[in-house]
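> sequence plus the predicted model coming up.
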Amino acid sequence: MGLKIKETTLMTLLVALLGGTIGGITWGLLFIMNLGINFLWTDLRNAVDLTLYPVMVCAVGGLLIGLWEQRFGPYPREMAEILKDVKQGERIPYNNLHIIGIAALLPLIFGGSLGPEAGLTGVIVGLCFWFSNRLKFIFQEIAELPQIGMAATIGVIFGAPLFAFVNQIEDESKPALIPKNIKILMYFVAILSGYGVLTVLQNFFGGRLGLGHFPAIEKITAAEWAAAIPLAVVGVAAGMLYFLFMKMTKMAVKPLADKIVIRGILGGVILGGVGIFLPYTMFSGEHEMVEVINSWPTMGFAVLVLTGIVKLLMGNICHEMGWRGGNIFPTIFSGVSIGYACALLLPIDPIFCVAVVTAALTATVMRKPLAVILLLLICFPINGIIPMTIGAVIGGAVPVPQWMGIFVDH
């Protein structure tokens, strides 16, 4: 049976409250993350002038991450894994949210080539289940709150309400307790209230997380259209490298499976060592992307290509070494870096290059072309939607080769 008017109104208010709470918690975690990054990588680094500073700090970070995992287990879980479990009706525990929160913050603060979405999703979806359990006596439809809360979480983190909506419903097959039209309304209420609270807090207190913004594509001529498919192939090839790196790192780290602390420290040493030579391979990539947008003509082809490819490798190394987090922000950054490298070689609009390559790479990794297009619209101009569509459709259509032994389920 559908929700009655009174129940619909009450649930809308509860969902708005939940969305606002999600926005506030997201801001709080991002604010703490930025404080930690600024202290370690700006204030302290300026006071300690050492060439090996990144190696030392990342090694300490790896030690803390390893000890934390040894004590509490492998957290945070990946966003796609949590999303899949929630859609299948599995419950996410909420008695360890503080453990997940610290596990999520440690690799981000210490420079891991990871995004914040995994840790934030784990904390907030657990909170949604807590909220649902406390209110289930009101009406049974409240059990849908975790899925609605997850959509709000994704929308708040990425600042892309439509991306969150599509990402949530794209593969939704489990029968819903709430009629579809009402559930769509609930999704948007939660997403917009969460995004609104986050925006207000960021404007007053800082702690902003967001990708840079590209200028409009100035020209789209026959030369641009002729280059679109080859550029998409470049993006797909980079995406396949991501999965190849995944397979390679899993094999390489397998002997250290039981050496949790050693893995963490070794991962930090590798991350910091690479970061000395290619600093943009560290961190999630959203702030670094702004710097690349402003300086790409002077960076050179080799540095741009190496940065983009090595960042794909470092994300996998971090994950296998116990530095867990998301892969969406780093993947977008890699696409931008490789796209600008292509722009140095081709006599066409550089934003066109970046749009196609980034969309193709991100869709190859995420396997959700429509969600990728909606996500990238938060940083690319509206006249880039056709180039992005070409890249995303091609990237999402090319299957991952079976010989890689990677099962992709995003």
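Arrived safely.
> low-confidence ranges, the stretch 51-200 of the chain, go.
Low-confidence segments of the stretch 51-200 of the chain (pLDDT under 70): 134-144, 160-162, 164-180.
> next secondary structure after the helix or strand containing residue 86?
Per DSSP states H and E, residue 86 falls inside helix 79-87. With elements assigned by DSSP H and E, the helix or strand that comes after helix 79-87 is helix 97-109.
> that older thread, just checking, what packs against the helix holding residue 86?
Judged by 3 or more CB pairs under 8 Å, 6 or more residues apart in numbering; DSSP states H and E, helix 79-87 is in contact with helix 117-135, helix 145-158. Backbone N, C-alpha and C define where each C-beta goes, glycine included.
> wait, which of these is closest to residue 267?
When the helices and strands packed on helix 79-87 are compared by CB to CB, helix 117-135 sits nearest residue 267, at 16.0 Å.
> and the closest one, what's buried?
Residues 117-132, 135 are the ones in helix 117-135 that count as buried (16 or more other CB atoms under 10 Å).
> chain center to it: distance?
18 Å (CA atoms, centre = their mean, to the nearest Å).
> for it, packing partners?
helix 5-38, helix 79-87, helix 97-109, helix 145-158.
> for those helices, which one ends up most surrounded?
helix 145-158 (a mean of 28; mean count of other CB atoms under 10 Å).
> on that earlier part again, closest to residue 354 out of the helices and strands packed on helix 79-87?
Smallest distance to residue 354 across the helices and strands packed on helix 79-87 (CB to CB): 18.3 Å, for helix 145-158.
> picking that back up, how much does the helix holding residue 86 deviate in direction from helix 145-158?
160 degrees (axes from the mean of the first three to the mean of the last three CA atoms, to 10 degrees).
> one step back: including distance to residue 303, could the helices and strands packed on helix 117-135 go into TSV?
What follows is the helices and strands packed on helix 117-135, written out as TSV (distance: least, CB to CB, whole Å):
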stretch	distance to residue 303
helix 5-38	23
helix 79-87	30
helix 97-109	24
helix 145-158	27
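> ok, residue 314 - how many residues close by?
Residues near residue 314, counting by other CB atoms under 10 Å, number 26.
> you'd agree it is up against residue 113?
Yes - using CB atoms under 8 Å, residue 314 is in contact with residue 113, at 4.1 Å.
> what is in contact with those two at once?
Common neighbours of residue 314 and residue 113 (criterion: CB atoms under 8 Å, 6 or more residues apart in numbering): 271, 281-282, 330.
> skipping adjacent residues, who's closest to the residue most central in space within the chain in space?
What sits nearest the mean C-alpha location of the chain, by CA atoms, centre = their mean, is residue 328, with 3.3 Å. Among residues not flanking residue 328 along the chain, residue 115 sits closest, at 5.3 Å (CB to CB, 6 or more residues apart in numbering).
> same check on residue 248?
Leaving aside its chain neighbours, residue 248 sits nearest to residue 316 (7.8 Å; criterion: CB to CB, 6+ apart).
> and for residue 216?
Once flanking residues are discounted, residue 216 sits nearest to residue 381: 4.2 Å by CB to CB, 6+ apart.
> residues contacting the one you found?
214-217, 351.
> how about a markdown table for these, with distance to residue 185, pLDDT and secondary structure added?
As requested, those are exported to a markdown table (distance: CB to CB, whole Å; pLDDT from 0 to 100; DSSP: H, G, I helix; E, B strand; the rest coil):
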| residue | distance to residue 185 | pLDDT | secondary structure |
| --- | --- | --- | --- |
| 214 | 33 | 91 | coil |
| 215 | 36 | 91 | coil |
| 216 | 34 | 92 | coil |
| 217 | 35 | 93 | coil |
| 351 | 36 | 96 | helix |
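> which among those count as buried?
Neighbour-count burial (16+ other CB under 10 Å) applied to those gives 214, 217, 351.
> which one among those gets closest to residue 186?
residue 214 (32.8 Å).
> now the helices for the stretch 201-350 of the chain?
222-253, 260-277, 286-299, 301-320, 328-345, 350-366 (DSSP state H, counting those that start in this stretch).
> what mean pLDDT does the third one have?
Confidence over helix 286-299, taken as the mean pLDDT, stands at 91.
> please apply the same query to the longest one.
This predicted structure assigns helix 222-253 an average pLDDT of 95.
> just want the angle from it to helix 260-277.
Counting by the same axes, to 10 degrees, helix 222-253 lies at 150 degrees to helix 260-277.
> what's helix 222-253 packed up against?
Using 3+ CB pairs under 8 Å, 6+ apart, helix 222-253 is in contact with helix 301-320, helix 328-345, helix 350-366, helix 385-397.
> CA atoms only: put the last one into PDB for me.
As requested, C-alpha coordinates have been extracted for helix 385-397 and formatted as PDB (Å, rounded to 0.1, in the frame of the first residue of the first chain):
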ATOM      1  CA  ILE A 385      28.200  17.400 -22.700                       C
ATOM      2  CA  ILE A 386      28.400  15.900 -26.200                       C
ATOM      3  CA  PRO A 387      32.200  15.300 -26.000                       C
ATOM      4  CA  MET A 388      31.700  13.800 -22.600                       C
ATOM      5  CA  THR A 389      28.800  11.600 -23.800                       C
ATOM      6  CA  ILE A 390      31.000  10.300 -26.600                       C
ATOM      7  CA  GLY A 391      33.800   9.400 -24.100                       C
ATOM      8  CA  ALA A 392      31.500   8.000 -21.400                       C
ATOM      9  CA  VAL A 393      29.500   5.800 -23.800                       C
ATOM     10  CA  ILE A 394      32.600   4.300 -25.400                       C
ATOM     11  CA  GLY A 395      34.300   3.900 -22.000                       C
ATOM     12  CA  GLY A 396      31.200   2.200 -20.500                       C
ATOM     13  CA  ALA A 397      30.800  -0.100 -23.500                       C
END
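> just checking, what packs against it?
Counting contacts by 3+ CB pairs under 8 Å, 6+ apart, helix 385-397 packs against helix 222-253, helix 350-366, helix 369-376.
> okay, the ones you listed, which one's buried deepest?
Mean neighbour count (mean count of other CB under 10 Å) peaks for helix 350-366 among the helices and strands packed on helix 385-397, with a mean of 30.
> and that helix, what does it pack against?
If you count contacts as 3+ CB pairs under 8 Å, 6+ apart, helix 350-366 packs onto helix 222-253, helix 328-345, helix 369-376, helix 385-397.
> what comes up buried for the second one?
Going back to what we said before, that points to helix 328-345. Neighbour-count burial for helix 328-345 [16+ other CB under 10 Å]: 328-344.
> that one to helix 117-135, inter-axis angle?
Using the same axes, to 10 degrees: helix 328-345 against helix 117-135 is 150 degrees.
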